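1. When you get a sec, could you give me coordinates for this:
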Amino acid sequence: MWRQRYGGMEASELKKVKQLEEENAKLKRMYAEPALELDMAKYVIEKKL
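-> Sure thing, here's the model as predicted:
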């Protein structure tokens, strides 16, 4: 599977892909935390009403 995905790439391309994957993971974490907090707040509000 690794060879199918990265087999034809040069080192510079692999480095760029790795950087993009790391940035993507960081952005997902940045979105996930506020989304969970919002869901928790909605849950608390619904329970109190």
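2. now the host helix or strand of residue 18: mean pLDDT?
-> Residue 18 is located in helix 11-48, with elements delineated by DSSP states H and E. For helix 11-48, mean pLDDT is 92.
3. How far does that helix sit from its chain's centre?
-> Centroid separation between helix 11-48 and its chain, computed with CA atoms, centre = their mean, to the nearest Å, is 5 Å.
4. Now do the buried residues in that helix.
-> For helix 11-48, a neighbour-count test (16 or more other CB atoms under 10 Å) marks nothing as buried. For glycine as for every other residue, the C-beta is placed from the backbone atoms N, C-alpha and C.
5. Could you list every helix and strand in contact with it?
-> Counting contacts by 3 or more CB pairs under 8 Å, 6 or more residues apart in numbering; DSSP states H and E, helix 11-48 is packed against no other helix or strand.
6. let's see 10 Å
-> helix 2-6 (3 or more CB pairs under 10 Å, 6 or more residues apart in numbering; DSSP states H and E).
7. Now the helix it packs on: average pLDDT?
-> Helix 2-6 shows an average pLDDT of 69 in the prediction.
8. Tell me who's in contact with residue 8.
-> Contact partners of residue 8, counting by CB atoms under 10 Å, 6 or more residues apart in numbering, are absent.
9. cool, the one 10 residues further on as well?
-> Going by CB under 10 Å, 6+ apart, residue 18 touches residue 6.
10. separation between it and residue 28?
-> Distance from residue 18 to residue 28, counting by CB to CB, to the nearest Å: 16 Å.
11. how far away is residue 33 from residue 44?
-> 17 Å.
12. Repeat that for residue 16.
-> Residue 16 sits 43 Å away from residue 44, going by CB to CB.
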